[in-house]
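Asks: Mind looking at a prediction? Sequence and model below.
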Amino acid sequence: MGIFPLFKKKHFFSAHHAKQIEEAIRMAETKTSGQIRLYVESKNPYMDPLERAKELFLQLNMHQTRHRNAVLMYIAIQHHELAIFADEGIYKEVGKEFWDHAVQIMISHFKGGNLVKGIEHCIQHIGDTLKEKFPHNNNDTNELSSDIVFGD
């Protein structure tokens, strides 16, 4: 499944699986001006997962993209929590039902023990929608790192 003991940040995923996820993000972003990030921590410290995702979204300055079309996928491994927080540009384009469905994509894979596949499938789903709503053009730059952000 790719999950390792959670005593150190770098052990949430194997190096191979981390690269696989980061490559999925890079591939999705080649087709859109949108930005996707993944934040993984062992435990959600103190709040609703969506509120935690929003807090992290702001801390990571994801609200400062040119088209306001950044998306943060949040996972708290030990608490079995996840959320997706999208900036206003893309959220307005697709609405709450889209994001609820994206979360369900991950949950269905996670229940089957496929954490990495669930993340990749969700990235692809979000990337396809970002491509449709915010297609890539020659003036686009990668505004945010595609690296996974690891919390405690």
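Replies: It's in.

Asks: Could you report the neighbour count for Val116?
Replies: 19 (other CB atoms under 10 Å). Just so you know, the C-beta spots here come from the backbone N, C-alpha and C atoms, and that holds for glycine as well.

Asks: cool, Gln20 as well?
Replies: Gln20, neighbours per other CB under 10 Å, totals 16.

Asks: SS state for the residue nearest to the spatial centre of the chain?
Replies: For the chain, the residue nearest the mean C-alpha position is Met73 (2.7 Å; CA atoms, centre = their mean). Classification of Met73 by DSSP: H, G, I helix; E, B strand; the rest coil places it in strand.

Asks: can you pull the contacts of the closest residue to it other than its chain neighbours?
Replies: Ranked by CB to CB, 6 or more residues apart in numbering and with sequence neighbours excluded, the top spatial neighbour of Met73 is Leu38, at 4.8 Å. By CB atoms under 8 Å, 6 or more residues apart in numbering, Leu38 lies in contact with 21, 25, 72-73, 75, 119, 123, 148-149.

Asks: Repeat the analysis, applying 7 Å as the threshold.
Replies: 21, 25, 73, 119, 148-149 (CB atoms under 7 Å, 6 or more residues apart in numbering).

Asks: do Phe98 as well
Replies: Contacts of Phe98 by CB under 7 Å, 6+ apart are Thr129.

Asks: Quick check: it vs Lys92, distance?
Replies: 11 Å (CB to CB, to the nearest Å).

Asks: who touches both of the two?
Replies: With CB under 7 Å, 6+ apart as the test, Phe98 and Lys92 reach no residue in common.
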